[in-house]
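Enquirer: I need the structure of the sequence given here:
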Amino acid sequence: MPFPPLHKLRRWPRFLIPGCAVLSLAAAGFDVDTSPQPEKHPPEVPVEGERVSVNPPSMVWRVDKRAASYGVEFSPDRSFPEDSRLIRVENIPYSFYNYSSPLAPGQWFWRYFVKTADGRLSRPGPVRSFIVPPDAEALPLPAPADLLAQMPAHPRVFVTPATLAAFRSRREGASHDAWESIREKADALLAGKSPVLPRTRIPLAEAEIKHSSVSISQSWKKGDPIRRQVFWLDAKGAAWWTPAFSYVDLANSANKADVLSLAWLISGDERYAEAARKWLDHVAQFRIDWHLDPQTRAGHDTVVYAYEYGLKAAALAYDRLYDRLTPAERAAMIAHVEYHVESAGIWIRDKSLVHLNYQSSHVQQCMHALLTTVLATAKDSPAIDKWVAYIVPQYVNRIAWTSEDGGYFEGQTYGHKFAMILEGLAAIRTACGIDLFRQPALRNAGPYWLYAMNLNYWFNHWGDNYSLIWPWANPRDAYISGFLAAMTHDPYVKWYADTVLTDPENIPFYYISGQAPAARPPVDIPQARVFPLTGTVTAYDRFYDHQGARVFFRSSPWGAHSHSHADQNAFVIHAGGEILAPDTGYYTYSGDVYHQQWSKSTVAHNSMLVNGKGQPLNIGAKGRITEFFHGGRFTFFVGDASQAYEKPLETFRRALLFVRPGTWIVYDELKAGEPSKFTWLLNTFEQPDISPDTRRMVVRQQAMRLGVEHLLPEAIGYETGNKRPYPLKTQGKMWSRFTEAFPQPWHTEVTNATAVRDTAFLALLQSWREPDEDDTGNTSGAAWQADVTINTPSTVGAVLGAVPDGGAASPPPEALQRAPKSSGLAFDSISGDASRSVVLFRRQQASGVPADASAITGGGVSARAQAAAVLPDDWMLVRGTRLASAERLLWESTAPLNVSTSFSSPGAAALVRVDGLPSSGAPVSARLALPARPSRILIAPSEKPEQARPLSFTWDATKGVAVFSLPGQSAAAAASPTVLWIDPVVDITRPLSPATLEVKDSGGSHDIALQPAWAENGGVVYLAETSVRDPGLYTLDASASPDSGATAASASPVEFLMQDRWEPAKTARGPGPATGTLREGTWIFVHATPQDTAPRFTAALVQAHPRGQIDNLLRNGNFEEGSPGYPPRGWTFPTTSRKDTPGWGEWSQQDPAEGKSCLRFYRDKDARSLVSQPMRLLGGGEYHLRFRTRGAVRGAYILVEGARGRSGKVNINPSPDAWSTQTASIALVPGYTTLTIVFPAGPEAELWLDDIRFGKIQPSQQP
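Expert: Numbering: from 1, shown residues only. Predicted coordinates for the structure are as follows:
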């Protein structure tokens, strides 16, 4: 859509477009402020030459203290000629702007001007340019008057008159469960009490507002006795203080109106509308802090951080009930909104300057609620409309804590605030017609939740969080991700939303999210992803396998700002369901000594110290991801934290190579301005076994192991311990979220023996499961040991050999010890007993090497393969142009590329992944060594093999290489890798056919369809969520069915994964035949070779679950999983009081009722509780609880809390000296459910529990 002519813009009342002002502007008399943008202000955008993703782009420039307003010009001509192409906008109140119409594709130039209060104009600011591509998302922002004029009538938030019928119809379809939840809440309110005025009402003149125990307990801000007081206005406007009716009571009243009005909007049931009117009328009569003057009232802990969300609820009820309200009722509610919005608005705009200080957490939280409030009441009050003009443009221009990669900088726990943002954006979508979910920041937010947020991990990472006291990282993860899945139609994000164990019920998200697509596990998407603007990398072995290995890495441009930590270049490693290299520390209380000096500091993270010091706690201590290549089996990335430290550090670059399934190679390059000691950090939950002589340590956790071998430097020292450095509660602080009963993790420091100016650390980390402790078929051992370490002026690396049965390892070939010519390489080969893996990193020298130069990484070549000059099994090249082994060319290209090649793919003779093709569109000539002349080569996008097309090539028989030209890519497509399929075994352009799983049980047999998906290795994964008739133990295998014409899958290797939804210990995996548990919610994944016809598999019942017994759904109810000193795995210990008494529930091996372990729950005197890992029940009905207990205690109980308010309390009546068994039952509905063991206050005592089972009982006979 072309831009409008200049004269068309004159109709905007606020943006004046003078026809011949260019000379006066050019002759203005002062320069704009071009000093660097303050750190806490929004970054200046678009950056010079940026290819923008949104049209028109958001503009942000340096604020100028002299400005009363600003002007902006943009033109396709750098000289800004006065013609029809020039666009000039004036009277812009703040230093940001979004134009009202899309711009023509192409290059644009822009500049801004400053206008002072006395009318003086500046000279133009610096000229900058940006490029609008044809495919940029068109998201113009109408002028404020147009924005209001285009708004639909009420209701307009989340639904409009035009969409109301479809909105209502969802209650009978996809949103039925959400409607049932809303209906039950509304029915409970109908059955409850009607609103009544508080009995205690004191005239304002007689009110003596003092600090009371009530206000202290409700006050977030200690020592502020007069704020957040509620007043009732009588019919004459006189104010009465209501000390017994708090702001919490007022917010609860507004929430009742919200629920009832939504129930009416969905159902049309008049009972809900009439009840909602009563509550809304009740709310409209009150004001918060009427006794304060407007400026005093505009502060923290008035409307803000007290009632802003109650106000939003009242405004939403008003929007829905508008046509049902009388003019007097509307006026009363508008007056209520005007009063409170004005107070909050003054605070965010005039006192907090949120348009500049956009990272201010509490101010943003207030503005998120105000956004929805003002949109719900807009056009009914000029006093409210002015806040629409202030708030809406900020969200179109930028969204705090986000970036175009979709990341959220406030960390996992504070990601709950993203729900507040999303609600406001959904309101903009319907009220303003601006779909901000098309912005990259929102379009990619769902994948960020999928890849980077907590997925039921028992200890969290990155930023302030509540590990061990919350059963989740973020209680809103399910409905945030579910809503994002619905808004962006992403089935993989829906899988996360369905899998994460938090409560999906939320008003309004749960109902709106019913339009999301069906969930699909992340099988056929990349198993690693970088979020460069956020500064995180996540890489999985098999993303969908909850016990698969994974690594998380952070090196962020946001440094240690706000709730982020000083953790640049830190990593976290999971394997086998255990967290072997965690992010540690406790979020005791914001800013206290333990939190600042340990939890937020670098020592609590797996990064690096320099002379014993970590990174400063500020936004300037930045990191960045400078390299990322996901090459199938390999994932390689580099973080640069050089800016994150104070002097003398000059360089800290960390390169990490993940070799699937469970090997990580970490190379650190360090340089300082003076001789320094560098300390490599590793934090663990259990004490590592350290062997200083061999520079090795082993971390043991349950059956899993993490081996760490330091290859460089050779002279190092180890220190380890878990002594608490600071008390968990700072003296003088009100309270701490944690008590001294919480264990201190182990902290290990590996330091170079002699101070040097520059050095390199090279560490090999490998995870494995002890075979004798593995009962799930997942047995693997450490695969490699270092035979030779390479350390030259230009190259660092090692030759890794398979752990030998005996004999010495041979050295690497001469060629591999020399400095490579390319920017990076990696290759790996396994060839019998003589296998080798060579890993090389190119040193990133400060002189003569670009700052973003890639590291060199490597795999290996077997000794026999080298001698014969044959091809390695796999190899990887990082941003290089040439790779050779034993003088045989493996790859050559005319441009530096990222390339990985696998000759062991089940789907082709070879798979070649290519990334980094030039965005200019120019083709790249390439030569690829292959074992034999291929019949065909197909080229396809990495995630879309069905779009494959033939690639022309010639064959050089002399050198055994295929010669071809890789087609150029557009800038938009260049971010996506390309895959070359060398002689695929099937026609990959044809849709894959579903497989069939024949389930053979006691009632006969029935078929389950398994949906197909391409895996990254070229194989096919068949998958389905199952619910078998006979829960129990089944054997899965491949079979042939001559009658159906299906092929025998057993002709090629097949691997099964039976992933239990409830108990990870019941998950089974292995090649067929494989035996494991199938029951409600089990996911089956079958890895197989692609075939032309649909394969068939069988699941034969071996042993049904015993009839009449509980089919247990509770994780670790037998308390067999855990770490010494910690609560049993998956159980959390919320601190329900602010007292420092050290009651504790710990994993114990003292006289268990069964197995090896049990729960010892100790109470000193104060009440304590222990919460299970949540469950999301798939069905309703009667559930049963069984547990064993002992101890001389009374008053303890287990509380079962289910969805829609269903709950049950089971008293624990133990015997003092012997284990006894108790049972109970409770009726529940599908949804979020937890078990809480409650130990009320009382004298010192111990309670022992074991073998807790919760679930349905299988009937004694088949129906």
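Enquirer: Can you tell me, leaving aside adjacent residues, what's nearest to residue 88?
Expert: residue 73 (4.8 Å; Cβ to Cβ, 6 or more residues apart in numbering). Backbone N, C-alpha and C define where each C-beta goes, glycine included.
Enquirer: I meant to write residue 449 there.
Expert: Residue 449 sits nearest to residue 481 (Cβ to Cβ, 6+ apart), 4.5 Å away.
Enquirer: Just the endpoints, please. Distance across stretch 1238-1254?
Expert: Terminal residues of stretch 1238-1254 lie 17 Å apart, using Cα to Cα, to the nearest Å.
Enquirer: should've said stretch 725-737
Expert: Rule used - Cα to Cα; the end-to-end distance of stretch 725-737 is 17 Å.
Enquirer: thinking again about what came up before, identify the residues contacting the residue nearest to residue 449.
Expert: Listed by Cβ atoms under 8 Å, 6 or more residues apart in numbering, the contact partners of residue 481 are 446, 449, 450, 453, 493, 494, 496, 497, 500.
Enquirer: Residue 959 too?
Expert: 888, 889, 927, 929.
Enquirer: For the third one, grab the count of nearby residues.
Expert: What that stands for is residue 927. Residue 927 has 19 neighbours, counted by other Cβ atoms under 10 Å.
Enquirer: One more: residue 463?
Expert: 25.
Enquirer: and the gap between it and residue 1072?
Expert: Noted for residue 463: a distance of 43 Å to residue 1072, by Cβ to Cβ, to the nearest Å.
Enquirer: Doesn't the residue nearest to residue 449 lie inside a helix?
Expert: Yes: looking at residue 481 with DSSP: H, G, I helix; E, B strand; the rest coil, it is inside a helix.
Enquirer: Figure out the helix or strand that the closest residue to residue 921 other than its chain neighbours lives in.
Expert: Counting by Cβ to Cβ, 6+ apart, residue 968 is the residue found nearest to residue 921 once chain neighbours are left out, at 3.7 Å. Assigned by DSSP states H and E, residue 968 belongs to no helix or strand.
Enquirer: Centroid-nearest residue for this structure?
Expert: residue 453 (2.6 Å; Cα atoms, centre = their mean).
Enquirer: what pLDDT does that residue get?
Expert: pLDDT recorded at residue 453 is 95.
Enquirer: Rebuild the contacts of residue 481 as a markdown table, extending it with distance to residue 397 and secondary structure.
Expert: Converted to a markdown table, the contacts of residue 481 look like this (distance: Cβ to Cβ, whole Å; DSSP: H, G, I helix; E, B strand; the rest coil):
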| residue | distance to residue 397 | secondary structure |
| --- | --- | --- |
| 446 | 22 | helix |
| 449 | 23 | helix |
| 450 | 27 | helix |
| 453 | 26 | coil |
| 493 | 25 | helix |
| 494 | 30 | helix |
| 496 | 29 | helix |
| 497 | 29 | helix |
| 500 | 31 | coil |
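Enquirer: Quick check: which helices or strands does the strand or helix carrying residue 420 pack against?
Expert: Using DSSP H and E, residue 420 sits in helix 418-431. The elements that helix 418-431 packs onto, with contact taken as 3 or more Cβ pairs under 8 Å, 6 or more residues apart in numbering; DSSP states H and E, are helix 361-377, helix 382-397, helix 477-488, helix 509-512.
Enquirer: quick one, phi/psi of the residue nearest to the centre of the chain?
Expert: phi -90, psi 160 (degrees, to the nearest 10).
Enquirer: so it sits right up against residue 472, yeah?
Expert: No: if you go by Cβ atoms under 8 Å, residue 453 and residue 472 don't touch, sitting 10.3 Å apart.
Enquirer: Show me the domain layout of the chain.
Expert: 6-140, 143-398, 400-522, 528-581+607-782, 783-804+812-894, 905-984, 995-1104, 1110-1257 (automatic domain parsing).
Enquirer: Format these as CSV; extra columns: distance to residue 592.
Expert: CSV is the format used below for those (distance: least, Cβ to Cβ, whole Å):
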stretch, distance to residue 592
domain 6-140, 23
domain 143-398, 14
domain 400-522, 12
domain 528-581+607-782, 4
domain 783-804+812-894, 38
domain 905-984, 43
domain 995-1104, 35
domain 1110-1257, 13
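Enquirer: Least reliable of these by average pLDDT, please.
Expert: Among these, domain 783-804+812-894 carries the lowest mean pLDDT (a mean of 57).
Enquirer: Please give the element, helix or strand, for residue 788.
Expert: Judged by DSSP H and E, residue 788 forms part of strand 784-791.
Enquirer: Residue 131 is nearest to which of the helices and strands packed on helix 418-431?
Expert: Nearest to residue 131 among the helices and strands packed on helix 418-431 is helix 382-397; the distance by Cβ to Cβ comes to 19.3 Å.
Enquirer: Report all helices and strands that that closest one contacts.
Expert: Secondary-structure packing of helix 382-397 (3+ Cβ pairs under 8 Å, 6+ apart): strand 96-97, helix 144-149, helix 327-346, helix 361-377, helix 418-431.
Enquirer: now the ones you listed in JSON lines, with mean neighbour count?
Expert: Below are the helices and strands packed on helix 382-397 laid out as JSON lines (neighbours: other Cβ atoms under 10 Å):
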{"stretch": "strand 96-97", "mean neighbour count": "25"}
{"stretch": "helix 144-149", "mean neighbour count": "16"}
{"stretch": "helix 327-346", "mean neighbour count": "19"}
{"stretch": "helix 361-377", "mean neighbour count": "25"}
{"stretch": "helix 418-431", "mean neighbour count": "23"}
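Enquirer: And those: which comes nearest residue 740?
Expert: So among the helices and strands packed on helix 382-397, helix 361-377 is nearest, using Cβ to Cβ, at 28.7 Å.
Enquirer: Return the distance of the closest one from the chain's centre.
Expert: 23 Å (Cα atoms, centre = their mean, to the nearest Å).
Enquirer: Return the alpha-carbon coordinates of that helix using PDB.
Expert: Coordinates of each C-alpha in helix 361-377 appear next as PDB, following Å, rounded to 0.1, in the frame of the first residue of the first chain:
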ATOM      1  CA  SER A 361       8.800  -3.500  36.400                       C
ATOM      2  CA  HIS A 362       6.100  -2.200  38.700                       C
ATOM      3  CA  VAL A 363       5.200   0.700  36.500                       C
ATOM      4  CA  GLN A 364       4.800  -1.600  33.500                       C
ATOM      5  CA  GLN A 365       2.600  -3.900  35.500                       C
ATOM      6  CA  CYS A 366       0.300  -1.000  36.300                       C
ATOM      7  CA  MET A 367       0.200   0.200  32.700                       C
ATOM      8  CA  HIS A 368      -0.700  -3.300  31.400                       C
ATOM      9  CA  ALA A 369      -3.900  -3.200  33.500                       C
ATOM     10  CA  LEU A 370      -4.600   0.400  32.500                       C
ATOM     11  CA  LEU A 371      -4.400  -0.400  28.900                       C
ATOM     12  CA  THR A 372      -7.300  -2.800  29.100                       C
ATOM     13  CA  THR A 373      -9.200  -0.500  31.400                       C
ATOM     14  CA  VAL A 374      -9.100   2.600  29.100                       C
ATOM     15  CA  LEU A 375      -9.900   0.600  26.000                       C
ATOM     16  CA  ALA A 376     -13.000  -0.900  27.700                       C
ATOM     17  CA  THR A 377     -14.300   2.600  28.700                       C
END
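Enquirer: Many thanks, we can stop here.
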